[in-house]
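> Build the 3D model from these lines:
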Amino acid sequence: MSDANVKKGLESLPAVEREVYCFMEKEYELLEQAGEKYDEAKNDTYVEKKASKAFDISEEEAGIIYARAESQLRRHHLYQASE
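Numbering: from 1, shown residues only. Alright, predicted model coming up:
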């Protein structure tokens with residue numbers, strides 16, 4: 001997905017969800033840059049916990065917001081690709 005498509009897809013999200021998603025994406029990138037081997041359960045738990053503290057939401061809510069945003073971005077990308 002191009003950066004332009006991601007930006008357009010993110011603009012369609014509510015502001016708080018966009019902020020949580022961007023925060024979590026940045027945390028995942030930091031883990032990757034630090035050389036963390038990808039461990040889905042471990043990394044998701046770590047990032048959800050950080051988002052929970054940063055946004056005063058539950059870890060579960062952080063995970064739901066991230067998953068919903070990912071789904072929205074995929075739908076937006078598929079819609080753009082079909083035009």
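> Low-confidence stretches in the chain?
Scanning the chain for pLDDT under 70 picks out the ranges 1-7, 36, 76-83.
> quick one, phi psi at Glu70?
phi -60, psi -40 (degrees, to the nearest 10).
> what's the closest non-adjacent residue to it?
Leaving aside its sequence neighbours, Glu70 sits nearest to Tyr21 (CB to CB, 6 or more residues apart in numbering; 7.9 Å). For glycine as for every other residue, the C-beta is placed from the backbone atoms N, C-alpha and C.
> got a list of what that neighbour touches?
Neighbouring residues of Tyr21 by CB atoms under 8 Å, 6 or more residues apart in numbering: Leu10, Leu13, Ile65, Tyr66, Ala69, Glu70.
> any idea how far the third one is from Ala34?
As defined by CB to CB, to the nearest Å, Ile65 lies at a distance of 24 Å from Ala34.
> ok, now the first one?
Counting by CB to CB, the gap between Leu10 and Ala34 amounts to 25 Å.
> more crowded one of these two?
More neighbours surround Leu10 than the other of Leu10 and Ala34, with 18 against 7 (other CB atoms under 10 Å).
> how about the helices of this structure, start to end?
3-11, 15-33, 40-55, 59-82 (DSSP state H).
> Can you report how many residues lie near Gln33?
8.
> Number of residues surrounding Asn43?
16.
> Leu10 versus that one, what's the distance?
Taking CB to CB as the measure, Asn43 falls 21 Å from Leu10.
> ok, now Gly35?
Taking CB to CB, one finds Gly35 at 27 Å from Leu10.
> Find the centremost residue of the protein, please.
Tyr21 (3.5 Å; CA atoms, centre = their mean).
> Roughly how far does that residue sit from Lys37?
On the measure of CB to CB, Tyr21 and Lys37 end up 23 Å apart.
> What of Ala54?
Applying CB to CB to Ala54 and Lys37 gives a distance of 24 Å.
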